[in-house]
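Q: Dropping a prediction and its sequence here:
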Amino acid sequence: MKKNIDLNNVEIAFEYKSDADLKNTLMIYRLIQKPRLVKYLTKIANLILQYKLPLKFLLKKTVFNVFCAGQNRQEAARTMSNLKKHGVNTVLDYVAEGDNSDESFRINLDTILTNIRFVGEQSNDSFVGVKLSGLEDVEFIKKVEVTNVTPDIKTKERMHVFLNRVDQICSLANQQHVKVYFDAEERSTQDVYDFVIESMMAKYNKGKVLIYTTLQMYLKDRISYLEYTIEEAKKHGYLIGMKLVRGAYMEKERDYALQAKKESPVFDNREDTDNSFNKAVAICLKEHAVVHTCLATHNQKSVELALELIDKYAITDHFNKVFFSQLFGMSDNLTFNLAKNHYNSSKYVPYGEVEKAIPYLLRRAEENSSIEGQVSREYELLRQEKSRRKI
């Protein structure tokens, strides 16, 4: 790692925030340091939304403005433009949650395709995020066997529709030269999703990488799957896009395993997850000739490891092969200091109407409050910048 990089330089980290934005963000982090308070505020917010109380503006002025890029693409574009001024790219994602109807899936598909066109017009350095669960019912996917994805005519027809939706996304991304990150989801659906995205990478990642899959490294089988995908790519002559995350469904996965009387698919402790994540980073960067990697992490040690490996493996074109990404409203110290030092750094920028996006954002706040040390670190860095500005 270059010795002159200070990933905790608060002046660079929060340069993009006005004094008012900084104070508001500091206030939110002061509140979410306490998990019990977060749960209480979540209940209040849900009541406001459920009964359509005339207090939506309070939600928009607080947690929404900190963790969301806007209510629509136009507002998101202003956020994207502001970030771009500081060398930070974006991963655009519409976060409103729909139902499991075909109409909802069609709307989600149209939204994703529009986002790809929108991002293509904005910047070739930006990305689009996609959740496959927004394109087909999760309960249907759980019943599909990867070794026999078309066991009967109805399943065959339905899978064809699903695959066509995914292919439309990848085809347009190819035309627009926009990178797409397909999110990982519940383990019970992951084998099917892996199969689908592998086929898309084989089709579209020839000589360039536009299609990225996501590995949740708290899953015990992901290192072996990573090694398998690399061998398959080498064998069949395509490139891999690999986004690495630690994971987002830990308690749910453990509960599912307990109910099914099976071994939990996730590691039992944080240390094993960290080791798994860092091992995956090392594998991907060593194989940089075939793997383009996104480290979607707020863990500073993992980022520092990646910087060291970029130097170790002499990845001179790392700006086009190694990406760092953090959530909007979090870990600005990593995002902006990396960008300042000419690494490809991005923010995941969710957007959506307040009433539709708030459930997602509240869950995000609750998740963050439960991560040991995360919120307190954020709060301390914000406090340091407020003190430096003397405001």
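A: Yep, it's here. All of these numbers come straight from a predicted model, not from anything done at the bench.

Q: okay, and the helix or strand of this protein with the least pLDDT?
A: helix 354-370 (a mean of 66; mean pLDDT, DSSP states H and E).

Q: Check the average confidence over the lengthiest strand in the chain, would you?
A: The residue-count maximum for a strand in the chain (DSSP state E) belongs to strand 344-351. Mean pLDDT, strand 344-351: 95.

Q: Let me see the domain layout of this protein.
A: 1-68+353-391, 70-351 (automatic domain parsing).

Q: got TSV for those, with mean neighbour count too?
A: C-betas here are computed from N, CA, C, even on glycine. TSV is the format used below for the domains of the chain (neighbours: other C-beta atoms under 10 Å):
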stretch	mean neighbour count
domain 1-68+353-391	16
domain 70-351	18
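
Q: just checking, what packs against the longest strand of the chain?
A: Strand 344-351 sits against helix 73-85, strand 89-94, helix 318-321, strand 322-327, helix 332-340, helix 354-370, with contacts defined as 3 or more C-beta pairs under 8 Å, 6 or more residues apart in numbering; DSSP states H and E.

Q: Mind giving me the packing neighbours of the shortest one?
A: I take that to be helix 318-321. strand 291-296, strand 344-351.

Q: Please identify the pairing partners of the first one and their relative orientation?
A: Partner strands and pairing direction for strand 291-296 (DSSP bridges) are strand 240-245 (parallel), strand 322-327 (parallel).

Q: And the helices and strands packed on strand 344-351: which comes nearest Thr62?
A: Nearest of these to Thr62, taken as C-beta to C-beta: helix 354-370 at 9.9 Å.

Q: Could you check the angle the next helix or strand after that closest one makes with helix 332-340?
A: Remark: after helix 354-370, the chain's next helix or strand is helix 374-389, criterion DSSP states H and E. With axes from the mean of the first three to the mean of the last three C-alpha atoms, to 10 degrees defining the directions, helix 374-389 sits at 70 degrees from helix 332-340.

Q: helices and strands around helix 374-389, which ones?
A: So helix 374-389, by 3+ C-beta pairs under 8 Å, 6+ apart, packs with helix 10-13, helix 19-31, helix 354-370.

Q: one more time with 10 Å
A: Judged by 3 or more C-beta pairs under 10 Å, 6 or more residues apart in numbering; DSSP states H and E, the packing partners of helix 374-389 are helix 10-13, helix 19-31, helix 332-340, helix 354-370.

Q: The shortest one - contacts with which helices or strands?
A: The elements that helix 10-13 packs onto, with contact taken as 3+ C-beta pairs under 10 Å, 6+ apart, are helix 332-340, helix 374-389.

Q: Please apply the same query to the third one.
A: Other helices and strands packing on helix 332-340, by 3+ C-beta pairs under 10 Å, 6+ apart, are helix 10-13, helix 73-85, helix 300-312, strand 322-327, strand 344-351, helix 374-389.

Q: want to try a markdown table for those, with distance to Ala280 as columns?
A: Listed next are the helices and strands packed on helix 332-340 as a markdown table, based on distance: least, C-beta to C-beta, whole Å:
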| stretch | distance to Ala280 |
| --- | --- |
| helix 10-13 | 26 |
| helix 73-85 | 27 |
| helix 300-312 | 10 |
| strand 322-327 | 13 |
| strand 344-351 | 18 |
| helix 374-389 | 21 |
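
Q: In the sheet, which residues pair with Glu145? Tell me.
A: On the basis of DSSP bridges, Glu145 is bridged to Asn148.

Q: And the helix or strand harbouring Ala280, what does it pack against?
A: Under the criterion of DSSP H and E, Ala280 resides in helix 270-286. Here helix 270-286 touches strand 211-216, helix 222-236, strand 240-245, strand 291-296, helix 300-312, helix 318-321, strand 322-327, going by 3+ C-beta pairs under 10 Å, 6+ apart.
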